[in-house]
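[1] what would the 3D arrangement of this be:
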Amino acid sequence: MATLEDIAVSAAINLLSAFIFLLAFAILRIQPCNDRVYFPKWYLKGLRSSASHPGAFVRKVVNIDFRSYIRFLNWMPEALKMPEPELIDHAGLDSAVYLRIYLMG
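    Numbers count the residues shown, from 1 in each chain. Alright, predicted model coming up:
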């Protein structure tokens, strides 16, 4: 039978891993090379035409604007306030499911 200490360790591991996955998701979504993965509807609707930015190869792969790393979780409050059908229309079903997993967890 699990002791209270075992349950606390399990909860801490789960919280830490959820936080790490949220950070990885948020940081990967602001990288230019991941635009088509994280924003496919914007490409289909014509809101974005190309993931490539003029300039060096580094700018095409890595976001070097450090201000965006400070604001990288600004989308969360708006996404949590958005009704689910609107979220699915705006960001896709996978984003709605991802947020639902975090809210249920």
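[2] quick one: the helices in this structure, in order.
    All helices of the chain, identified by DSSP state H, fall at 4-29, 35-38, 40-45, 57-61, 66-70, 75-81, 84-91, 93-104.
[3] pick out the shakiest of these, pLDDT-wise.
    Confidence, taken as mean pLDDT, is least for helix 57-61 of the helices of the chain (a mean of 73).
[4] returning to that earlier point: turn the helices of the chain into CSV, columns for mean neighbour count.
    Bear in mind the C-beta positions are built from the backbone N, C-alpha and C, glycine included. Formatted as CSV, the helices of the chain follow (neighbours: other C-beta atoms under 10 Å):
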stretch, mean neighbour count
helix 4-29, 11
helix 35-38, 14
helix 40-45, 12
helix 57-61, 12
helix 66-70, 10
helix 75-81, 12
helix 84-91, 14
helix 93-104, 13
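[5] residue 41 contacts residue 93, doesn't it?
    No. Here residue 41 does not reach residue 93: they are 10.3 Å apart, not a contact under C-beta atoms under 8 Å.
[6] if I pick the closest residue to residue 99 other than its chain neighbours, what's in contact with it?
    Distance criterion C-beta to C-beta, 6 or more residues apart in numbering; nearest residue to residue 99, sequence neighbours excluded, is residue 79 at 6.0 Å. Residues in contact with residue 79 (C-beta atoms under 8 Å, 6 or more residues apart in numbering) are 87, 91, 95, 99.
[7] could you identify the most distant pair in the residues you listed?
    Maximum pairwise distance in the contacts of residue 79, criterion C-beta to C-beta, is 8.9 Å, between 91 and 99.
[8] wait, which of the contacts of residue 79 is closest to residue 13?
    Nearest to residue 13 out of the contacts of residue 79 is residue 99 (C-beta to C-beta; 21.9 Å).
[9] could you report the separation of that closest one from residue 60?
    29 Å (C-beta to C-beta, to the nearest Å).
[10] and if you look at residue 6?
    Counting by C-beta to C-beta, the gap from residue 6 to residue 60 is 47 Å.
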